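Participant: Build me a model from this:
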Amino acid sequence: MIAILGAGAMGEAYVAGLLHSGIEPARVAIVEKNAERAAAISDRYGVHTMDLDAAVRESATVLILVKPQDVHDLLERVAPDLNDGAIVVSLVAGVRLERLEETLGSGTPVVRAMPNTPALIGQGTTAISPGRWCSDDQRDYIVSLLSAVGPVVEVPEALQDAVTATSGSGPAYAFLLIESMMAAAVDLGLDRDTARLLVTQTVLGAALMAAEPGADAAALRRQVTSPQGTTAAALDVFDAAGFPALVARAMTAARDRSVELGAPTV
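Facilitator: This is a model prediction of the structure:
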């Protein structure tokens, strides 16, 4: 059994992804304190709803997707009921491996993971950091499991804060760009529906081009930038505003805040 603790939007994304990957609904259980939400997910996907203790006792894999402020109490409740060899995956920002292993007990295989919101449409990215008691086979199993909502990469835990600043918070940067381009397009005379289509398809197409094997974003940018042309005029404005440095400062701020959130509380 795979237990998903927390059936919010991200929890539902993993339910849908696991079922889409071929896992039977009978093998998935959700734990959700909002009874109405739990019933809705169960009806929609045919998975079990269970109380926390029973779900943990009956599961070999436990995915934690609760709010950060609820993690401490949840870990303490989960620890006594874990099966020998059960794998615990925390998909909660800022929860460090040391804390997971200390609370869940010596020998418990744990994985720290950072997903992002495009997982809601099966286009997420997840960065994982296995704990000291997670075997290679268990690591491979978790990669296969989490790949249900998009690509998975492994990074040292020391880089998880950088991952948070890159892919965890990254969708918001893209949404801000889309929002700003749409507003500017409307100011230039386009109606909102046309602006939305042009902007979102442009960003999507550019992302797909940049994701091609061997593609280089800088080279792609140069290809579309004719000397003294319209694109060059726009990029000159970005350059004058220090756009690359602004992006770097923003991502550093996100990284630093992630470090703060994950720091032990006194």
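
Participant: list the buried ones in stretch 158-170?
Facilitator: The neighbour-count check on stretch 158-170 (16 or more other Cβ atoms under 10 Å) flags Q160, D161, A162, V163, T164, A165, T166, S167, G168, S169, G170 as buried. Just so you know, the C-beta spots here come from the backbone N, C-alpha and C atoms, and that holds for glycine as well.

Participant: same thing with stretch 47-57?
Facilitator: For stretch 47-57, burial by neighbour count (16+ other Cβ under 10 Å) applies to V47, H48, T49, M50, L52, A55, V56.

Participant: ok, of these, which one's closest to V71?
Facilitator: Nearest to V71, judged by Cβ to Cβ, of the buried residues of stretch 47-57 is L52 at 13.2 Å.

Participant: Report the beta-bridge partners for the nearest residue to that closest one once chain neighbours are set aside.
Facilitator: Among residues not flanking L52 along the chain, V31 sits closest, at 5.0 Å (Cβ to Cβ, 6 or more residues apart in numbering). On the basis of DSSP bridges, V31 is bridged to L5.

Participant: Check whether the nearest residue to A127 once chain neighbours are set aside sits in a helix, strand or coil.
Facilitator: Residue nearest to A127 in three dimensions, not counting chain neighbours: V163, with 4.2 Å by Cβ to Cβ, 6+ apart. Three-state assignment for V163 (DSSP: H, G, I helix; E, B strand; the rest coil): helix.

Participant: wait, V163 sits on N116?
Facilitator: No - the criterion here is Cβ atoms under 8 Å, and V163 misses it with N116 at 9.2 Å.

Participant: could you show me where the strands are in the stretch 151-266 of the chain, in order?
Facilitator: 152-154 (DSSP state E, counting those that start in this stretch).

Participant: distance of the nearest residue to A217 once chain neighbours are set aside from P156?
Facilitator: Of all residues not flanking A217 in the chain, A210 sits nearest, at 5.0 Å (Cβ to Cβ, 6+ apart). With distances taken as Cβ to Cβ, to the nearest Å, A210 is found 25 Å from P156.

Participant: Compare neighbour counts for the two and give me the winner.
Facilitator: A210 (13 against 8; other Cβ atoms under 10 Å).

Participant: pLDDT score for the more buried one?
Facilitator: The model reports A210 with a pLDDT of 97.

Participant: thinking again about what came up before, what's the pLDDT at the residue nearest to A127?
Facilitator: Reported pLDDT for V163: 96.
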